[in-house]
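Q: based on what follows, work out the 3D shape:
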Amino acid sequence: MGYYHNSRLLKNFDKTEIPNETSEKAMLLADAKDKGLVSDDSSSFTNIDDLMNSLDEE
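A: Got it, this is the predicted structure:
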């Protein structure tokens, strides 16, 4: 997967802050949910480790 070059999402990143693959997946998923392309039946998490692990599994 290449970096997600959506200017709306990346406009606040400088060149040293390009998201890693896991963050990119989260951004793509959030954008798709915002656009109604994917249903928002997301799990909720109480800590960042569980969230990151779930993103790596997808």
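Q: list the buried ones in the top helix by length along the chain?
A: For the chain, the helix with the greatest residue count under DSSP state H is helix 21-34. Going by neighbour count (16 or more other Cβ atoms under 10 Å), the buried part of helix 21-34 is 24-26, 29. From N, CA and C alone the C-beta is placed, and that goes for glycine too.
Q: switch those residues over to JSON lines; also include pLDDT and distance to Ile18.
A: Listed next are those as JSON lines, based on pLDDT from 0 to 100; distance: Cβ to Cβ, whole Å:
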{"residue": "Glu24", "pLDDT": "87", "distance to Ile18": "9"}
{"residue": "Lys25", "pLDDT": "88", "distance to Ile18": "14"}
{"residue": "Ala26", "pLDDT": "86", "distance to Ile18": "14"}
{"residue": "Leu29", "pLDDT": "88", "distance to Ile18": "18"}
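Q: ok, those residues vs Ser43, which is closest?
A: Ser43 lies nearest to Leu29 out of those, by Cβ to Cβ, at 11.9 Å.
Q: ok, now which ones touch that closest one?
A: By Cβ atoms under 8 Å, 6 or more residues apart in numbering, the residues touching Leu29 are Val38.
Q: buried ones in the next helix or strand after the longest helix of the chain?
A: Of the helices and strands lying after helix 21-34 in sequence (DSSP states H and E), the nearest is helix 48-57. Buried residues in helix 48-57, counted by 16+ other Cβ under 10 Å: Leu51.
Q: perfect, that will be all.
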